[in-house]
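Colleague: attaching a predicted model along with its sequence, questions to come.
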Amino acid sequence: MSFDSFNPAPLKPRLRLFVIQVLVFSLMFTLLARLWYMQVMSSDDYSQAATQNHTREVLVPAPRGTIVDSAGRTLVGNRVSLVITVDRSVLAKLPDDQQKAVLARLAKVLGQKPADLTARTMLCGEPGASKPPACWNGTPYQPIPVAKDVSEQIAIEVMERREDFPGVAAESTPLRAYPAPYGVNAAHILGYLSPITTGELDALDKAGQDSVPHRSDLVGRAGVERTYDAMLRGTPGVKNVIVDAVGYTTGLQKQTAPVPGSTLMTSIDARIQASVEQQLRGAIMTARKQYDKITRRNYVADSGAAVVMDTKTGQIVAMASYPSYDPGVWVGGISQRELDALYSPQSGTPLLSRALQAQLAPGSTFKPITTAAAMANGYSTKTRLDCSPNFVVGNRKFKNYESASYGMIGFDQALALSCDTFFYRIAYDLWLKEGGNSGDLNARDPLVEMAQKFGLGRPTGIDLPGETGGRIADRKWKKEYYDAQKDYYCKLADSPPAGTSSFLKQFSREFCADGYRYRAGDAVNFAIGQGDTTLTPLQLATVYSALSNGGILWEPHVAKKVIGPNGKAKAVPAKISARLPVPPSTLKYIDKSLKETTRTGTAAWKFVGFPLDQVPVRAKTGTAEVYGKQTTSWLASYTDRYAVVMMISQAGTGSGASGTAVRHIYETLYNIKPPAPPAKKAKP
């Protein structure tokens, strides 16, 4: 055999086959190695990821903490209610027509409209859903409550007819309860709960927090329910439910128990609170029966507020606002009609807390502040000024409102008798000394400075949301107001609409010309709590508390003590906001002068028979004039322990509308039995 006859061609197929075999074995080895790594080395990681993929976290709400008064009486608690729920995950498995049929049958049993019931089962934000509170803002992975406080008969009917009501169940659920000891309402103090909003959930997402566990949360919206929401809410538990690929719930994986919220002990005394609410409402109802000689119709008495404050600690003992509302209306969901009524001006805007949000001219209750300022700027207890019927400033007469002419008197009589012209003279004199009508925004105003040192013009800092700060209408404020309103009043002055009053026409012309100037009329009005200066009843209560305790301005508070789930209590400390820069001698003089208000002054006729020797009540009446409305009644008072302030809008004089009610509040505070009515004479 020669080499010429050798053919190497058969070697090429063998080489190709060998290369292919190597590649196949390499791939198989790689796959096996990867499979071993995934099943052995990374099995725990993938198992956890797979579990997370088919489980959902559902919030298990913690029992909300109770709210009690200073004696431990329950103001807000929890009760068990029978609630009908609808499980969307079960309904979703049915055809659309069967879903509608189930909800229609359920609506008939519950006495609801099918459309309303359907709206309650829809998630807020999904197509066709109503706006909160009609829609469900919670998680879709738990049953949706559609009816609360159902009867046992309805619950049994639903449970026995499971074939007619798939996904429908009756459950026992804790709801907020209001035992109302002594019949108290206290809605503006306590507040209410409502579901967390979509905006709040979005905020959680933006903050990097998981919003899903919070979708069914109830959040405090007002009062102490809002201020102490986190503490009252406790720590919710978490239930991990297993869902399939479609999202239907198929089982429970694990569950952690919730931790109950803490108990909040307030400084409110339910017995006093009930009395204050009753007296405020009674005074308003009585005022509506009284005839107003100025407007020639009965007083409107549309709203009011009352505050009782402990002058030694700053604690709020009672606080009422009228009109009020039932906080229980929010429990289990509120209807749109009920919600509209709470915000409606026609119903008096019940959600507004007049005690800390109503901004009104204080009238003559402001005069003790003017007295303190005057005595710090050249006046003294020996000062005598004319209490004349009127005081002329420019071409305008400023008259006394509540008092007659008493001749030359001192501060003591001026306070007790509420002589306006006495304080007009002081304000006019100080206005001239400090620049008068110069237009200097930085001119010193002793009365303004003292009002600010008494804490006016800013919120008191009470531990309740929504407080307003009132307004100190000084030179700077007037300039700011002028800049904002100049165009409006100049237009009104040039072309006033038909029916514009002569007063408004003249005011518009003067304002357009130089409305930024702080005139003598502004100064004299400021001295007696009139004009553009406003404050709240709560602010006035802090002022009169400071007069009682020697000059301490407290930061008022409602919370007294927090009691944790473990029973440990933590007191809420009292906070001093400021100390009055008023000498003790001046405070004692004002105190002595205000004692005469209930003995010989403007409130004396309301305190006849009251034991003033045992319980000396210092007081100042106020009748604030409001353009286009009837006068606002004010009565600010205090003893060595309590400050009591009452305000009634459009109700007449301070003593006339509020005097009797304030007296009765003191009788409750000090357990004083009212004098027996005179015996009727027997007929001959």
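Modeller: Done, it's in. Being a predicted model, the structure only gives us computed values, none of them experimental.
Colleague: return the distance of residue 480 relative to residue 110.
Modeller: For residue 480, the distance to residue 110 (C-beta to C-beta, to the nearest Å) stands at 56 Å. In this view, the C-beta of every residue, glycine as well, is placed from N, C-alpha and C.
Colleague: those two - which one has more neighbours?
Modeller: Neighbour tally, residue 480 and residue 110, criterion other C-beta atoms under 10 Å: the higher count belongs to residue 110, 16 against 12.
Colleague: what sits against the residue nearest to that one when sequence neighbours are not counted?
Modeller: Distances taken as C-beta to C-beta, 6 or more residues apart in numbering put residue 147 closest to residue 110, at 4.9 Å, once the chain neighbours are dropped. By C-beta atoms under 8 Å, 6 or more residues apart in numbering, the contact set of residue 147 is 83, 84, 110, 112.
Colleague: hang on, isn't residue 179 packed against residue 75?
Modeller: Yes - taking contacts as C-beta atoms under 8 Å, residue 179 lies within contact range of residue 75: 7.4 Å.
Colleague: neighbour-wise, which of the two wins?
Modeller: residue 75 (24 against 13).
Colleague: please work out the average pLDDT along the helix or strand where the more buried one lies.
Modeller: Assigned by DSSP states H and E, residue 75 belongs to strand 74-86. Averaged across strand 74-86, the pLDDT comes to 91.
Colleague: distance check, the residue nearest to residue 110 against residue 115.
Modeller: 15 Å.
Colleague: hmm, back to that, now that we have the contacts of residue 147, which one has the most neighbours?
Modeller: Busiest of the contacts of residue 147 [other C-beta under 10 Å] is residue 84, holding 23 neighbours.
Colleague: tell me the contacts of that one?
Modeller: Residue 84 touches 106, 110, 145, 146, 147, 150, 154, 155, 158, 168, 169, 170, counting by C-beta under 8 Å, 6+ apart.
Colleague: okay, the residues you listed in TSV with pLDDT, distance to residue 486 and secondary structure next?
Modeller: Converted to TSV, the contacts of residue 84 look like this (pLDDT from 0 to 100; distance: C-beta to C-beta, whole Å; DSSP: H, G, I helix; E, B strand; the rest coil):
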residue	pLDDT	distance to residue 486	secondary structure
106	91	62	helix
110	90	59	helix
145	85	55	strand
146	85	56	strand
147	86	57	strand
150	87	61	coil
154	89	64	helix
155	87	66	helix
158	85	66	helix
168	89	64	strand
169	85	65	strand
170	86	65	strand
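Colleague: what is the nearest of these to residue 63?
Modeller: Distance to residue 63 across the contacts of residue 84 (C-beta to C-beta) is lowest for residue 145, with 16.6 Å.
Colleague: wait, what's in contact with the closest one?
Modeller: 83, 84, 85, 173, 332, 333 are the contacts of residue 145 under C-beta under 8 Å, 6+ apart.
Colleague: does the third one touch residue 146 like I think?
Modeller: Yes - with contact defined as C-beta under 8 Å, residue 85 and residue 146 form a contacting pair (6.7 Å).
Colleague: the more surrounded of those two?
Modeller: residue 146 (25 against 18).
Colleague: quick one: buried residues of stretch 192-199?
Modeller: For stretch 192-199, burial by neighbour count (16 or more other C-beta atoms under 10 Å) applies to 192, 193, 194, 195, 196.
Colleague: let me fix that: stretch 481-498
Modeller: 481, 482, 489, 492, 493.
Colleague: would you point out the most distant pair within these?
Modeller: Farthest pair in the buried residues of stretch 481-498, by C-beta to C-beta: 481 and 493, 16.2 Å.
Colleague: how is the chain partitioned into domains?
Modeller: Using automatic domain parsing, the domain parsing of the chain gives 56-266, 270-329+338-361+535-558+573-669, 382-457+464-527.
Colleague: list the contacts for residue 294?
Modeller: 630, 631 are the contacts of residue 294 under C-beta under 8 Å, 6+ apart.
Colleague: distance of it from residue 653?
Modeller: From residue 294 over to residue 653 (counting by C-beta to C-beta), the distance is 11 Å.
Colleague: joint contacts of those two?
Modeller: By C-beta under 8 Å, 6+ apart, the residues touching both residue 294 and residue 653 are residue 631.
Colleague: so where is the stretch 401-550 of the chain shaky, pLDDT-wise?
Modeller: Scanning the stretch 401-550 of the chain for pLDDT under 70 picks out the ranges 402-403.
Colleague: cutoff 90 now
Modeller: Within the stretch 401-550 of the chain, the segments meeting pLDDT under 90 span 401-406, 434-444, 492-519.
Colleague: what about the strands in it?
Modeller: Under the criterion DSSP state E, counting those that start in this stretch, the stretch 401-550 of the chain contains strands at 407-409.
Colleague: picking up where we left off before, give me the distance between the residue nearest to residue 110 and residue 91.
Modeller: 16 Å.
Colleague: what of residue 320?
Modeller: 46 Å.
Colleague: which one's more surrounded, these two?
Modeller: Set residue 320 next to residue 91 and count neighbours by other C-beta under 10 Å: residue 320 wins out with 30 against 19.
Colleague: list the beta-bridge partners for that one.
Modeller: Beta bridges link residue 320 to residue 306, judged by DSSP bridges.
Colleague: now do the same contact list for it.
Modeller: 185, 186, 188, 273, 276, 277, 280, 305, 306, 355.
Colleague: narrow those to those in strands?
Modeller: 305, 306 (DSSP state E).
Colleague: same list (the contacts of residue 320) but as CSV, adding neighbour count.
Modeller: CSV is the format used below for those (neighbours: other C-beta atoms under 10 Å):
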residue, neighbour count
185, 20
186, 29
188, 26
273, 26
276, 29
277, 23
280, 27
305, 28
306, 30
355, 29
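Colleague: quick one: which of the contacts of residue 320 is nearest to residue 231?
Modeller: Nearest member of those to residue 231, counting by C-beta to C-beta, is residue 186, at 18.9 Å.
Colleague: over to the closest one: give its phi and psi.
Modeller: Main-chain dihedrals, residue 186, degrees, to the nearest 10: phi 50, psi 30.
Colleague: same question for residue 116.
Modeller: phi -70, psi -40.
Colleague: looking at the contacts of residue 84, which one is closest to residue 442?
Modeller: residue 145 (61.1 Å).
Colleague: tell me how far the closest residue to residue 190 other than its chain neighbours lies from residue 593.
Modeller: If the residues on either side of it in the chain are set aside, residue 190 comes closest to residue 223, at 4.7 Å by C-beta to C-beta, 6+ apart. Using C-beta to C-beta, residue 223 is found at 37 Å from residue 593.
Colleague: likewise for residue 491?
Modeller: Residue 491 is 47 Å from residue 593, by C-beta to C-beta.
Colleague: is the residue nearest to residue 110 bridged to anything, and to what?
Modeller: Under the criterion used (DSSP bridges), residue 147 bridges to residue 84.
Colleague: what segments of the stretch 351-500 of the chain are helices?
Modeller: Secondary structure of the stretch 351-500 of the chain (DSSP state H, counting those that start in this stretch): helices at 354-357, 367-375, 411-417, 420-433, 446-453, 475-494.
Colleague: with distance to residue 565 added, can I get the ones you listed in CSV?
Modeller: As requested, those are exported to CSV (distance: least, C-beta to C-beta, whole Å):
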stretch, distance to residue 565
helix 354-357, 31
helix 367-375, 46
helix 411-417, 52
helix 420-433, 56
helix 446-453, 43
helix 475-494, 49
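Colleague: mind listing what's buried in stretch 461-480?
Modeller: Applying 16+ other C-beta under 10 Å to stretch 461-480 flags 461-475, 477-479 as buried.
Colleague: measure that stretch end to end?
Modeller: Across stretch 461-480, the terminal residues are separated by 25 Å (C-alpha to C-alpha, to the nearest Å).
Colleague: pull the distance from that stretch to the chain's centre.
Modeller: Averaging C-alpha positions (C-alpha atoms, centre = their mean, to the nearest Å) puts stretch 461-480 17 Å from its chain's average.
Colleague: stretch 96-112 too?
Modeller: On C-alpha atoms, centre = their mean, the centre of stretch 96-112 falls 39 Å from the chain's centre.
Colleague: same check on stretch 544-557?
Modeller: On C-alpha atoms, centre = their mean, the centre of stretch 544-557 falls 22 Å from that of its chain.
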